[in-house]
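Peer 1: following is a predicted model, sequence given first.
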Amino acid sequence: MTKPVILTGLRANNDLTIGNYFGAILPMIDMAKQKSAEYQINMFIPDLHSFTTPVDHSLLYDQILHNARLYVAAGLPLDNPNIYLYRQSHISAHSELTWILDCFTGFGEMSRMTQFKDKSGSIGADRTSVGLFNYPVLMAADILLYNAKYVPVGDDQSQHIEFTRDIGERMNSRFNAIFELPVSVKEQHEFFGKDQGLRIKDLQEPTKKMSKSDESGRGVIFLGDDPKAAAKKVMSATTDDKAEIHFDRENQPGISNLLEILALLRRKNLQETVAEFEGQTRYGDFKAVVAGEVEQFLANFQSRLAGLDDEAILAKLMASESELAKTANATLLRAQQAVGLRPKA
């Protein structure tokens, strides 16, 4: 590898929302296309991470492939030699390096991870797996195996980047240079930009994030929703009694959320979208505009998804996995040699 590596991935165990699409998938694809001339882009499907929390295992394999299909439907070019698309579990070095790193990781370190405390608290102690506890170590292996320099993550996973640097430096200090480390969280934000973009909120409860785990689904627009049914969700979205459209997240969260959704669907500047509707008093007419855009977006996206060449996608996965296994196995061998599992060259 001669180019610096950008590594990114998105776990998907069920139908994703338009929030996932505009907040994660589309930015990932745009970044890959924009930076692939100067960087090697590793886009992976973190299928080993998929069951750190309970899932329906009978659906998992199809969901893994669907994850790849979503990337391609969102515009990921399969013919770009600098963009790799691969499944984590199909390169066994991920699991093997994780065990080595585990044995140099403290229990207290993992116990202090914010995401573990948050997720285990909602799941309950009896259903919390060791895999969820161990998640940051596997994530560190994902990054270190490929000498990844940049890893775009949200604030909720910045702690995992810091741990990756800590465990990598710990191993390097004890056994001499094994790993190349990702840059600091501060440098990650400088490279990708700290602004994480617009955050789509729940249509029924516009003060909370639109979540794919929402049980009712009434306030969530899924990528697999029937377009007309999704439009009806928009028409029944919670607004307010102000009777006038203004962008005000605190006092008019429902209207503000719809304005943000409309700006994303049109791929226009938020300020321009707000200016178009500012001061209007007919909420129903405004909702109808947003509903129409949602319906059209889903119809177009689902049409692209249905027309994909699945054999071409599988071929891309297999070719990427074959090529990247060489780098991953070379890194793993250095670690194995360092800890005494393999003879030194």
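Peer 2: In hand now; what should we look at? Numbers count the residues shown, from 1 in each chain.
Peer 1: hey, which helix or strand in the protein has the poorest pLDDT?
Peer 2: Scoring the helices and strands of the chain by mean pLDDT, DSSP states H and E places helix 114-123 at the bottom, with a mean of 71.
Peer 1: so after that one, what's the next helix or strand?
Peer 2: helix 130-144 (DSSP states H and E).
Peer 1: how about residue 328, what does it touch?
Peer 2: Contacts for residue 328 were tallied using Cβ atoms under 8 Å, 6 or more residues apart in numbering; they are 91, 93-94, 97, 145-146. The way it works is simple: take the backbone N, C-alpha and C, and place the C-beta from them, glycine included.
Peer 1: could you look up the SS state of it?
Peer 2: Using DSSP: H, G, I helix; E, B strand; the rest coil, the structure places residue 328 in helix.
Peer 1: residue 225 too?
Peer 2: Strictly by three-state DSSP, residue 225 counts as coil.
Peer 1: burial of it, as a residue count?
Peer 2: Residues contacting residue 225 under the criterion other Cβ atoms under 10 Å number 21.
Peer 1: ok, the residue lying closest to it once chain neighbours are set aside - contacts?
Peer 2: Excluding the flanking residues, the one nearest residue 225 by Cβ to Cβ, 6 or more residues apart in numbering is residue 298, at 6.2 Å. Neighbouring residues of residue 298 by Cβ under 8 Å, 6+ apart: 221, 223, 225, 227, 230.
Peer 1: the same query, at a cut-off of 10 Å, please.
Peer 2: Going by Cβ atoms under 10 Å, 6 or more residues apart in numbering, residue 298 touches 18, 221-231, 265.
Peer 1: closest to residue 334 among those?
Peer 2: residue 223 (40.5 Å; Cβ to Cβ).
Peer 1: the closest one against residue 67, yeah?
Peer 2: No - using Cβ atoms under 10 Å, residue 223 is not in contact with residue 67, being 11.6 Å away.
Peer 1: can you pull the residues that touch both of these two?
Peer 2: 12, 16, 25.
Peer 1: from those, which ones fall inside strands?
Peer 2: Members of the shared contacts of residue 223 and residue 67 lying in strands (criterion: DSSP state E): none.
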